[in-house]
Each structure stands twice: as structure tokens, then as C-alpha cells.
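Engineer: coordinates for the following, if possible.
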Amino acid sequence: MAITLRKLTEASEIEQLETMEGKIWDPSSAIPYHMTLTMHKFGGLFLGAFDGDEMIGFLYSFPGYTNGETHLCSHMLGFLPAYRKQGLGVKMKWLQKEEAKALGHSKITWTYDPLETVNGVLNIVKLGGIVRTYLPNCYGDLDDDFNRGLPTDRFLVEWFIDSGRVEARQAEGAPRRAYDAAPDILRYEIVDGLPAPVAFDTAHEEPVLLLPVPAFFQQVKQADMNIASAWREQTGELFTSYFAKGYIVTDIVRDEAVVRYVLEKKPLSAVLG
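Structural biologist: Alright, predicted model coming up:
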């Protein structure tokens, strides 16, 4: 049966989200129904994915206000395990874009771990989001499998849904660009099959820079937590330093052992097209 995506409008549908969160992540961390219902009543945007009549995924967001600017905060997106890696996440985000525009929003924000590069490819490459803010230990210490043992550093993604950049990604897909002349600002080596950071440089001034991170960070964590911690510490310092200089994450280049974030120093208007 075909999967359908649509806006959730009934309280009975919102009520299902607490159970869905428990199935996808951990029941102990699920947001109570009374909270999601309140968000829904006062400006929240809730989307559901359905296999027939069964909800198999959801996305929800709520209005936010930062530095005098209103935007939509996209808080949670998830699918039951059997429905992952089928391209449903990007379809849900495009639906969110259209529904958010109908509500009068021009920007959507959310966070993700910059070392989780599958999320990075979705957010930056496929959707056309950009990053210029690094949030150290954003959620404090978390004890789930993905976060345990490391600070919960996060990127803040800004998705300018009215921009030419985003419209082009939706209509044409991501353009292929070459960055052969751009220098790496972090040097790594392969240690027992794992990429490990060796040295980094915060003094570069070139208009385009590349910052390598592990292609499969969870594998690094499982094999050697010291190497994982070094990646967190060194990339955190680099991103913070170059964002302060005006660089913006605009693209990602994939390789076998590492994924390279592309940082460009140009006006936001030029990035957004």
C-alpha cells in the first residue's frame, strides 16, 4: 500500500504521537500528549506519514523567536524502523516547507549532530539548509545509544524556504560542485581502520574551506571512544572559530572514510541565491 503524508488536524491523531515516540526512540523520553496538544492548538505544525490507516512516521514543529526574528522550530522527525531509508524523510520535509509557507513562515530551524553525516547530507545537500551556528552541549548529557559518553554538540540548521537555493534543490536536486582548490583545515590519519584527527588549523582565510569528519561516526564511537572524543573536541573548535569569521556551511563532499563539510565565506544573500 502506498505511503501517504498529510497534515495532522485532529486531537486523536496528535494523541498517537506519544506512543509513536516511544516506538521510535524511548518511551521514557516521549513528550506527553497534553504538551503536543497545546503546541498544536497554538501554532504548532504536525505532519504524519501513514501506511493505510496506520501512522508510521511524524514530524512536528512549533513557532520560535530568536534575535527579534520569528521562525518555525522543527523539533522531531521519525519513522518506525521498517520504514526508514526509503526517502520518506525528505518528502516529509518538502511537505513541511509548503505547510509552513501557508502559515506565513519564511524560515525553519532545527538541530542535528554535525558528526552524524547522514543527517548532514539530508539537511545541507538535499534540502539546501545552511549552518552558521554551533551549539556546544546543546541538550546536556544524554544516555541513549547515539549520544552516550560525549557532549551533545549540535549544528543549528537554517532553512530559508523562500530562497532560490531551496527552490532549486526541490526542483532540480543538488548541483555537483568541485572543490579541488579548497584546503582541508583538519588533518587526519587512518588508525586501525578508523579515521583519527591529527592536527587542525584555525588561521585559514581562503574563500572556501573543507572540514573532514568521519563518514560513520557511530562506528568510531563503538571502536574507540578516545578517537570519537577527539573528533568532537577538534571539530567543535574549528566550526566555532570559522563561524565567528563569517564562514557558512553550504555543502558536503562524501568520501569513503570521511565526509567533508564545505565552508564558504560569502554574503548570506549570495549563498541563498
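Engineer: how is the chain carved up into domains?
Structural biologist: 3-172, 186-272 (automatic domain parsing).
Engineer: could you give the average pLDDT over the shortest one?
Structural biologist: Yep, that's domain 186-272 we're talking about. On average, the pLDDT along domain 186-272 is 96.
Engineer: the first one now?
Structural biologist: Domain 3-172 shows a mean pLDDT of 93 in the predicted model.
Engineer: off-centre distance for it?
Structural biologist: 9 Å (C-alpha atoms, centre = their mean, to the nearest Å).
Engineer: can you redo the domains of the chain as TSV with mean neighbour count?
Structural biologist: For the C-beta atoms, the positions are set from N, CA and C on the backbone; glycine is no exception. Shown next, in TSV, are those (neighbours: other C-beta atoms under 10 Å):
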stretch	mean neighbour count
domain 3-172	17
domain 186-272	17
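Engineer: those: which one's closest to residue 179?
Structural biologist: domain 186-272 (6.0 Å; C-beta to C-beta).
Engineer: ok, now which ones touch residue 200?
Structural biologist: Going by C-beta atoms under 8 Å, 6 or more residues apart in numbering, residue 200 touches 185, 186, 187, 234, 237, 238.
Engineer: mind running it again at 10 Å?
Structural biologist: Counting by C-beta atoms under 10 Å, 6 or more residues apart in numbering, residue 200 touches 184-188, 211-212, 233-235, 237-238, 241.
Engineer: list just the nearest of those residues to residue 116.
Structural biologist: Using C-beta to C-beta, the contacts of residue 200 come closest to residue 116 at residue 235, 12.1 Å.
Engineer: and that closest one, that's in a helix?
Structural biologist: Yes - under DSSP: H, G, I helix; E, B strand; the rest coil, residue 235 sits within a helix.
Engineer: show the contacting residues for it.
Structural biologist: Residue 235 touches 114-115, 134, 153, 185-186, 197, 200, 211-214, 261, counting by C-beta under 10 Å, 6+ apart.
Engineer: ok, now with 6 Å
Structural biologist: residue 213 (C-beta atoms under 6 Å, 6 or more residues apart in numbering).
Engineer: right, and residue 204 touches residue 182 too?
Structural biologist: No - taking contacts as C-beta atoms under 6 Å, residue 204 lies outside contact range of residue 182: 9.5 Å.
Engineer: quick one: residues contacting the most centrally placed residue in the chain.
Structural biologist: Centroid-nearest residue in the chain: residue 112, 4.0 Å away (criterion: C-alpha atoms, centre = their mean). Residue 112 is in contact with 119, 155, counting by C-beta under 6 Å, 6+ apart.
Engineer: from residue 118, how far off is it?
Structural biologist: Per C-beta to C-beta, to the nearest Å, residue 112 is found 10 Å from residue 118.
Engineer: export the contacts of residue 200 as CSV, with columns for distance to residue 67.
Structural biologist: Supplementary listing: those in CSV, determined by distance: C-beta to C-beta, whole Å:
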residue, distance to residue 67
184, 32
185, 28
186, 30
187, 35
188, 35
211, 25
212, 31
233, 28
234, 28
235, 25
237, 24
238, 24
241, 21
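Engineer: with those residues in mind, which one is nearest to residue 79?
Structural biologist: Of the contacts of residue 200, the one sitting nearest to residue 79 (C-beta to C-beta) turns out to be residue 235, at 27.9 Å.
Engineer: still on that earlier bit, of all the contacts of residue 200, which comes closest to residue 270?
Structural biologist: residue 211 (20.3 Å).
Engineer: relative to residue 236, how far out is that closest one?
Structural biologist: Distance from residue 211 to residue 236, by C-beta to C-beta: 11 Å.
Engineer: please apply the same query to residue 161.
Structural biologist: 28 Å.
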